[in-house]
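Asks: I would like to see how this sequence folds:
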Amino acid sequence: MQLKPLADRVVVKPIEAAELKKGGIIIPDTAKEKPMEGEIMEVGTGRKTDEGKILPMEVNKGDRILYGKYSGTEVEVDGEELLIMRESDIFAIIQNS
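Replies: You can find the predicted model right below:
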């Protein structure tokens, strides 16, 4: 199944941060913080203005992004955890230099 987000929404696949253990303490999955970095899997068409004009999205499929800790709605598609969020919930695009 494939998701096609509407308007100014995007589908994001969270990227798990590398697990670091200090002092031999193992942190259970339930106590770990949610990742705040992800990859955009699909983008909507853009936000519609009051005049009916569609503003294009600033992010594209494949972009790596930073987003708020509790942003978006979690969904599971074909056993894969994804987030659906508005473009305004995205803080930055990670660019490789």
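Asks: quick one, what contacts the residue most central in space within the chain?
Replies: In the chain, the centroid-proximal residue (C-alpha atoms, centre = their mean) is residue 12; its distance is 3.3 Å. If you count contacts by C-beta atoms under 8 Å, 6 or more residues apart in numbering, residue 12 has them with 38, 39, 40, 41, 65, 67, 72, 82, 83, 84, 85. Glycine gets a C-beta too; all of them are placed from N, C-alpha and C.
Asks: and residue 80, by the same measure?
Replies: Applying C-beta under 8 Å, 6+ apart to residue 80 gives the contacts residue 13.
Asks: so which strand or helix has residue 62?
Replies: For residue 62, there is no host helix or strand (DSSP states H and E).
Asks: partner strands of the lowest-mean-pLDDT helix or strand in the chain, with direction?
Replies: Across the helices and strands of the chain, mean pLDDT, DSSP states H and E gives its lowest value to strand 47-48, namely a mean of 92. Here strand 47-48 is paired, per DSSP bridges, with strand 54-55 (antiparallel).
Asks: for the partner strand, what is the distance to the chain centroid?
Replies: Taking C-alpha atoms, centre = their mean, to the nearest Å, one finds the center of strand 54-55 at 21 Å from the center of the full chain.
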